[in-house]
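Q: Quick one: sequence and predicted model below, then my questions.
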Amino acid sequence: MIDDTRPRESPVISTNGSPQLLPIDAIARTRAPAKLNLFLELVNRRDDGFHNIDTVMVPIDWCDQLQVTRSVDPGVRLSLDWLPSREIVAQRLQIENDPQREASMLSIPTDKTNLVTRALMRVAEVFELETGFDCKLLKTIPAGAGMGGASSDAASAIACAAKLISVSPRHPALIEVAAEIGSDVPFFLGLGSEPMSAIRATGRGENLAPVAMGGRLDFVVIYPSVSLSTAKVYAASQVPADPRNAADLVLSLANANHEAIEESMMNRLSHPARILAPQIDEIIESVWRAGCRTCQLTGSGSACFALVRSPVEARRLAKKLRASLRETAHPGGGAIVAATRTTRVPAIVSIH
Ligand SMILES: C[C@@](CO)(OP(=O)(O)O)[C@H](O)COP(=O)(O)OP(=O)(O)OC[C@H]1O[C@@H](n2ccc(N)nc2=O)[C@H](O)[C@@H]1O
Ligand SMILES: Nc1ncnc2c1ncn2[C@@H]1O[C@H](COP(=O)(O)OP(=O)(O)O)[C@@H](O)[C@H]1O
């Protein structure tokens, strides 16, 4: 139950008590980062059909772009496109000649099933807004990749709305909306004023704890042309008799000890995901052949990532992998390969 002290729209009382309603047509812009799960363990299956998990996630600088404008018209309207273009993304995945696969992988809903729309409708409801929002979403984060694209977009929408109605993004009602929209949405809202570059999440994913980082990490992320259903991967997973603990990884991150990080990374969803999408094994093998020892699934997949030592090594490995994957790719077996680095949550929201 949302407490009844929450501000109403007119006037919206900001956290410091003075009304600071931003004008209609005010625009909030942000870049919604993707995430990688460096550690994901299944603790137990809950009665509500979810799993309690223990996961350590890092945001990476592979971002969707979101713009939210205050509108005098109630409701939420969303337009969406892919960057650099839907055609180019389809060509990179080699699905441009397969309308069915192209639609299933690139057709993202713009109705209330889009998490941006859902999140903003809930914010308008909770704060009893009489106006609405017009949104533009430019996608680069693949869907069904285990990279948190939809969840990050939802958190970014909440952060933009908070700025537009002059409410703290840490307002309890907004944190509650985030947890309701998806298990990973709270992660992208961060922990508070101090931006974080790694967070440990337990429960469904809504209980967050800070993780100290001894420095930025560099990765090569590979998204094969297959998207996986999170529900199907979890349904095919097995809770281990003796779940592992993320403590070793947390310590190695604080010390920036790469060998120890590599030793303590794991993802319990990797096995079921690789059975559902054998392409993942081809990706992991290509990374090994390219001389990189660590390659791990993120979240429920299908994207994998290799941990490397520097941005230079990331760019070099990405180039090598693009070439080798192009050679071995069977028709429709394209992949998107990117050199990325850790970034921070919450993402910065600018007002125009
Ligand atoms: C796997 C993770 C890891 O970070 O992210 P992605 O791979 O999706 O990015 C998350 O746990 C994704 O959590 P969330 O975003 O809530 O998953 P949803 O798509 O809403 O849930 C789809 C289904 O997955 C199962 N599910 C989800 C979360 C969880 N902690 N336990 C579960 O068993 C449930 O059957 C749920 O109905
Ligand atoms: N803003 C959004 N971006 C991408 N997909 C979305 C969005 N909102 C809803 N979806 C739906 O969610 C599905 C999963 O998207 P994904 O980015 O894998 O989410 P997450 O990793 O956050 O669970 C997509 O296939 C799409 O149908």
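A: All right, it came through fine. Numbering: from 1, shown residues only. Ligands and ions are numbered 1, 2, ... in the order given.
Q: Can you pull the residues of the stretch 151-300 of the chain lying near ligand 1?
A: Neighbours of ligand 1 within the stretch 151-300 of the chain, by Cβ under 6 Å from any ligand atom: S151, G182, S183, D184, R204, G205, T230, A231, Y234, G299, S300. Quick note: C-beta positions are derived from backbone N, CA and C, even for glycine.
Q: what residues are up against the fifth one?
A: When contacts are counted by Cβ atoms under 8 Å, 6 or more residues apart in numbering, R204 is found next to R46, F50, H51, N52, I53, S183.
Q: again, only using 7 Å
A: By Cβ atoms under 7 Å, 6 or more residues apart in numbering, the contact list for R204 reads F50, S183.
Q: C160 contacts A28, correct?
A: Yes: using Cβ atoms under 7 Å, C160 is in contact with A28, at 3.7 Å.
Q: is any part of the helix or strand in which L38 is found close to ligand 1?
A: Secondary structure assignment for L38, by DSSP states H and E: strand 27-45. Yes: Strand 27-45 is in contact with ligand 1 by Cβ under 6 Å from any ligand atom, via N37, L40.
Q: tell me which strands and helices that strand is in contact with?
A: Judged by 3 or more Cβ pairs under 7 Å, 6 or more residues apart in numbering; DSSP states H and E, the packing partners of strand 27-45 are strand 51-71, helix 149-164, strand 266-267.
Q: I'd like those as a markdown table, with mean pLDDT, mean neighbour count and distance to R118 appended.
A: Formatted as a markdown table, the helices and strands packed on strand 27-45 follow (pLDDT from 0 to 100; neighbours: other Cβ atoms under 10 Å; distance: least, Cβ to Cβ, whole Å):
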| stretch | mean pLDDT | mean neighbour count | distance to R118 |
| --- | --- | --- | --- |
| strand 51-71 | 98 | 22 | 14 |
| helix 149-164 | 97 | 28 | 7 |
| strand 266-267 | 98 | 20 | 27 |
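Q: Need the overlap of contacts for C160 and A28.
A: Jointly contacting C160 and A28 under the rule Cβ under 7 Å, 6+ apart are V68, V349.
Q: Now the phi/psi pair for A347, please.
A: Taking degrees, to the nearest 10, you get phi -70, psi 150 for the backbone angles of A347.
Q: Strands of this structure, start to end?
A: Here the chain has its strands, by DSSP state E, at 27-45, 51-71, 75-82, 132-139, 199-203, 207-210, 218-224, 266-267, 296-297, 304-308, 335-341, 350-351.
Q: Output the ones you listed as JSON lines; include the columns distance to P240.
A: Shown next, in JSON lines, are the strands of the chain (distance: least, Cβ to Cβ, whole Å):
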{"stretch": "strand 27-45", "distance to P240": "7"}
{"stretch": "strand 51-71", "distance to P240": "11"}
{"stretch": "strand 75-82", "distance to P240": "38"}
{"stretch": "strand 132-139", "distance to P240": "35"}
{"stretch": "strand 199-203", "distance to P240": "16"}
{"stretch": "strand 207-210", "distance to P240": "20"}
{"stretch": "strand 218-224", "distance to P240": "26"}
{"stretch": "strand 266-267", "distance to P240": "11"}
{"stretch": "strand 296-297", "distance to P240": "16"}
{"stretch": "strand 304-308", "distance to P240": "21"}
{"stretch": "strand 335-341", "distance to P240": "30"}
{"stretch": "strand 350-351", "distance to P240": "44"}
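Q: Which one of these lies nearest to ligand 2?
A: When the strands of the chain are compared by Cβ to the nearest ligand atom, strand 132-139 sits nearest ligand 2, at 6.1 Å.
Q: Other residues contacting the closest one?
A: Here strand 132-139 has contacts from 64-71, 73-83, 108, 116, 120, 124, 153, 157, 161, using Cβ under 7 Å, 6+ apart.
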